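# Return a 3D structure for these sequence lines:
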Amino acid sequence: MSSGPPPQSTAVGDIVGRFTAAWESSGPAPDLTDYLPADPALRRVSLIELIKVDLEKRWLRGDHPKRLAEYRDELPELGRWPLPPDLIYEEFHLRRRSGQPVDASEYTRTFPAQADELEKLLSTGEYHSTSIHHLEHTSAAPPPRSTELGDLDVGQRVDDFDLMTVLGRGAFARVFLARQRSMQRLVAVKISEDHGTEPQTLAQFDHDYIVRVFDQRLLADRMLRLLYMQYVPGGTLLGVVARVRETAPGLRTGLLLLEAVDRELVSKGEIRPSESRVREEVAALSWPETVAWLGRRLAEALDYAGKHGVLHRDIKPANVLLTAEGVPKLADFNISFSETLPGTSPVAYFGGSLAYMSPEQLEAIHPDRPGTAADLDTRSDLYSLAVVLWELLTGRKPFDDTPSGDTDAELGTHPPGDRTTLDAMLERRRGRHEPAIADLPADCPSALRRVLLKSLEPEPADRFSTGAEMSQQFDVCLDAHARDLVDPPPGSWRLRMRRWTHPIMFLAIAVPNLLAILYSYQHNTTLIISKLPPTAQSSFERITRIDYATAFVIGVVGTVSMTLYLTTVAGGLRKGKAYDGGHLARARKDTLLLGQRCALLCLGLWAVTGIIVPATLQISGSEVPWNTVVHFTAAQLVCGAIAVVYPFFFVNFYAVRCLYPVFLPHGEISAADARMLHRLGRRSMFFLAAAAAVPLLGVAGATFIPAEDLPHVVVALRVLCVGSVFAFVAAYWLFRLLTDDLHALSRVVSGVPRHE
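Next up is the predicted model:
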């Protein structure tokens, strides 16, 4: 019969157990010196074991990770002995598991006395903790259902696959880089004892930004499941987050992403792409633009999954793989709940990291809250994506969960019964605490800030409704021109002018029309009215004034009615009111048609006036020659051209630059918007040609004036021609600005981002 463990081992185990329990409580990180025994015989071995536990908790939970050199500085007695190889081994693998790229040669150079032992330990490729608390926990745990998973190792053949390298390791699965013999290709093989629904939900997926799952194989005799998928060699976003934390904010650019990928490629013996358009694009981006670039693709992936009835529910940096070009691919849907699979319980598939969960997901796993997995939808995944992107952007998560401790722990170490942790996290996410906006870098565009904050709203109804909608907003962030239109800098004139729609519209329409009226009055007085009998002159002037006044009132009423709906919606949005997609689509349509409608209204009023005035004179009995009527109507058409062309450019420039962007952050933009923007561009070309024709119409009209009357209209014609030239230059300038705006907005609504 065994006599039990030696007393020293039992004592050290008790010390380590108490220290581990202190770490797992909700209090602050414990000080390991408080747990060191006074007995010299126990002190050294206890110190080594306590450091192992402290290393694990700090590195894997992100709670102020420390290096062995820091422990030696803080604990002088540690420097009196050579560090045990197993302690160095612990730090090496914990750094690697936390996502840091680590080179074994770094340790053999730093610790030459332990180099031989370290080479043996670090070359295995498998991590087996040497900490007492791990060993005791393992020995006390019930035996696994099958021992096959623990026996798997590099160099073995499993079914059709030769296992080459360990890519990842979890509680229930291992991932290997393997060669599939039948297909002669490299694949990533996930081998597990779990019989979940991942293959059923993922086999249907074929998307550029989701890891392609080829198939699965069930080995019934060995109680294993093999899921083999596309091999993505560039590491994960977890490694990129580690690089972000090591890099000063001012030095972060798109190159940081590529450097993290390249480091991973080198560690795996992969070759970096020599020529890549994608890598060139990423290298030219600022860091906030790089985050938006990644976010756009991941939002598309979540939109695709959502349309197939699949929720990921474990969005975190470790589950985003990167290709050699830095393109993200979403992976590990193994805890996803598929709405298309009948009879599945969502609770059975819950998982993920607490710090990345949406409030509704935290409530669903809370034992005392009414929320359930059935309450979740794509908006929950979009919330988690926003947390990941915030962490990428700043190096920190948006909410400080350190008072609860263990912010990055998996659900396996945070059981749903941990009410204290869940309550504290829900309190922070439900609005008691705002996201740490101060952490955002100085070069973060307002558009990206808006997208992230909207995605982190406590209530799902206040977030983007689909991944496509979120992806479209990242397009805005990636286009410098578009984001300046949609999210103008504070104090911008475009921002101020959004509130002055009616006065601006009045000036844009009234000024050209007033100039046309003055020209018309001078022209008609000189060439038409002065030649009529006195009674006809009086009637002509009276009727003309009445018609012009009536047309002016109709024009004002018509213009207000055209802008009423869109200004009402825009004002409601500024006040936080929500509108459905139909109302927003109508407001956008009214905005893009505003210039055309105003132009047609002006043209119609001038044309009608040119007909009604002579007709009224005839009805009233005034004798007006027919050549005078034709002359008057032709003059009205020239004035109408002036009153139509220039308001078109003024109104559209204001509508596109100041009004239309107001609606872009709210609701998904449809393909109809792209068509309307394209049509507006074509109409602008037509009206530019019309603007160039205005002085030509004036000159052409002068050819019908009798020679004896020409001296009386020379001044008016000169004013018309010279003024039209200057007006055309202004119209052309507005046309160029309008065209640039339309191109930028078209890129956004059609999903073709451009970096400027």
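# and the residue nearest the centre of the chain, backbone torsions?
Most central in the chain under CA atoms, centre = their mean is F474, positioned 3.7 Å from the mean C-alpha point. Here is the backbone geometry of F474 (degrees, to the nearest 10): phi -70, psi -30.
# what do you get for Y231?
Y231 adopts backbone torsions of phi -90, psi 120, taken as degrees, to the nearest 10.
# Would you map the helices across the stretch 201-350 of the chain?
Secondary structure of the stretch 201-350 of the chain (DSSP state H, counting those that start in this stretch): helices at 237-246, 254-267, 277-283, 287-307.
# List the residues that contact the residue nearest to the centre of the chain.
A292, W293, G295, R296, A299, V451, P753 (CB atoms under 8 Å, 6 or more residues apart in numbering). From N, CA and C alone the C-beta is placed, and that goes for glycine too.
# and the gap between K454 and F176?
Distance of K454 to F176, given as CB to CB, to the nearest Å: 40 Å.
# Neighbour count for those two, which is higher?
Neighbours were counted for K454 and for F176 using other CB atoms under 10 Å; F176 has more, 26 against 18.
# To which secondary structure element type does the closest residue to the more buried one other than its chain neighbours belong?
The shortest distance from F176 to any non-neighbouring residue, by CB to CB, 6 or more residues apart in numbering, is to L163 (4.4 Å). Here L163 is recorded as strand under DSSP: H, G, I helix; E, B strand; the rest coil.
# Use 480 as the first number from now on
Got it, first residue is 480 now, which makes that one L642.
# Now do L642 against R636, distance only.
Taking CB to CB, one finds L642 at 7 Å from R636.
# Specify which residue of the two has the higher count of neighbours.
L642 (19 against 11).
# which residues does the residue nearest to G647 when sequence neighbours are not counted contact?
Once flanking residues are discounted, G647 sits nearest to V654: 4.0 Å by CB to CB, 6+ apart. The contact partners of V654, by CB under 8 Å, 6+ apart, come to V645, L646, G647, R648, A667, V668, K669, I670.
# Helices - which of these land there?
Judged by DSSP state H, helices contain none of these.
# Next, the contact list for R658, please.
So R658 contacts F640, D641, M643, R664, L665, V666 (CB under 8 Å, 6+ apart).
# Based on its surroundings, how many neighbours for the fourth one?
Yep, that's R664 we're talking about. Neighbourhood size, R664 [other CB under 10 Å]: 13.
# pLDDT score assigned to the nearest residue to it once chain neighbours are set aside?
In this structure, R664 finds its nearest non-sequential neighbour in R658, 7.4 Å apart by CB to CB, 6+ apart. We have a pLDDT of 89 for R658.
# cool, and E598?
In this model, E598 carries a pLDDT of 67.
# And the one 5 residues further on, by the same measure?
You'll see T603 listed with a pLDDT of 53.
# can you check G541 too?
67.
# got it, and D1219?
On the pLDDT scale, D1219 is placed at 91.
# What's the local residue count around the closest residue to it other than its chain neighbours?
What sits nearest to D1219 in space, not counting adjacent residues and going by CB to CB, 6+ apart, is H960, at 6.7 Å. By other CB under 10 Å, 16 other residues sit near H960.
# OK, contacts around H960?
Contacts of H960 by CB under 8 Å, 6+ apart are D1219, D1220, H1222, A1223, E1235.
# can you list the domains in this structure?
Structural domains assigned to the chain are 486-617, 627-708, 716-957, 972-1228, following automatic domain parsing.
# among these, which is nearest L964?
Evaluated with CB to CB, the domains of the chain place domain 972-1228 nearest to L964, the distance being 4.5 Å.
# and that closest one, how far out from the chain's middle?
The chain centre lies 40 Å from the centre of domain 972-1228; the measure is CA atoms, centre = their mean, to the nearest Å.
# Show me the strands in this protein, by range?
636-637, 640-648, 652-659, 664-671, 692-698, 703-708, 789-790, 799-801, 807-809, 816-817 (DSSP state E).
# about what we covered before: the residue nearest to R664 bridge partners, please.
Beta-bridge pairing of R658 under DSSP bridges involves D641, L665.
# And it, how close does it get to A810?
Look at R658 and A810: by CB to CB, they are 20 Å apart.
# Low-confidence bits of the stretch 630-779 of the chain, can you list those?
For the stretch 630-779 of the chain, applying pLDDT under 70 flags the ranges 649-651, 673-683.
# again, 90 this time
630-639, 643-667, 669-686, 690-712, 714, 717, 729, 743-755 (pLDDT under 90).
# Same list, the domains of the chain, but as a markdown table with distance to V965 please.
Listed next are the domains of the chain as a markdown table, based on distance: least, CB to CB, whole Å:
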| stretch | distance to V965 |
| --- | --- |
| domain 486-617 | 34 |
| domain 627-708 | 24 |
| domain 716-957 | 5 |
| domain 972-1228 | 4 |
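# deepest of the ones you listed, which one?
When these are scored by mean count of other CB atoms under 10 Å, the highest mean neighbour count falls to domain 716-957 (a mean of 19).
# That domain: end-to-end distance?
Domain 716-957 stretches 20 Å from its first residue to its last (CA to CA, to the nearest Å).
# Closest to L631 out of the contacts of H960?
So of these, ranked by how close each gets to L631 (CB to CB), first place is E1235, at 50.3 Å.
# Next one, pLDDT for that closest one please.
Per-residue pLDDT puts E1235 at 39.
# residues in contact with P1140?
The contact partners of P1140, taken as CB under 8 Å, 6+ apart, are L964, V965, L1224.
# what's the closest of those to W766?
Closest to W766, out of all of the contacts of P1140 and judged by CB to CB, is V965, at 20.4 Å.
# C956 is in contact with that closest one, correct?
No - between V965 and C956 there is no contact under CB atoms under 8 Å: 9.2 Å.
# Need the overlap of contacts for those two.
Residues touching both V965 and C956 by CB under 8 Å, 6+ apart: A926.
# ok so, going back, from S1225, how far out is the residue nearest to D1219?
H960 is 11 Å from S1225, by CB to CB.
# do L919 as well
For L919, the distance to S1225 - CB to CB - is 29 Å.
# Can you show me the helices along the stretch 880-1029 of the chain?
Going by DSSP H, counting those that start in this stretch, the stretch 880-1029 of the chain shows helices at 898-906, 925-934, 946-957, 959-965, 972-976, 980-1006, 1013-1053.
# ditto for the stretch 480-629 of the chain
Counting by DSSP H, counting those that start in this stretch, the helices of the stretch 480-629 of the chain are 486-503, 519-540, 547-553, 564-576, 583-589, 594-601, 611-619, 627-630.
# among those, where is the model least confident on average?
Looking at these, the bottom one is helix 611-619 with a mean of 48.
# OK, contacts around T857?
L781, D782, A784, G785, L790, S944, T945, G946.
# where does the third one land on pLDDT?
What that stands for is A784. Note for A784: predicted pLDDT of 89.
# Help me confirm that it comes into contact with L790.
Yes - here A784 reaches L790: they are 7.3 Å apart, a contact under CB under 8 Å.
# coming back round to it: JSON lines for the contacts of T857, including distance to G805?
Rendered in JSON lines, the data for the contacts of T857 read as follows (distance: CB to CB, whole Å):
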{"residue": "L781", "distance to G805": "19"}
{"residue": "D782", "distance to G805": "21"}
{"residue": "A784", "distance to G805": "21"}
{"residue": "G785", "distance to G805": "24"}
{"residue": "L790", "distance to G805": "26"}
{"residue": "S944", "distance to G805": "29"}
{"residue": "T945", "distance to G805": "25"}
{"residue": "G946", "distance to G805": "20"}
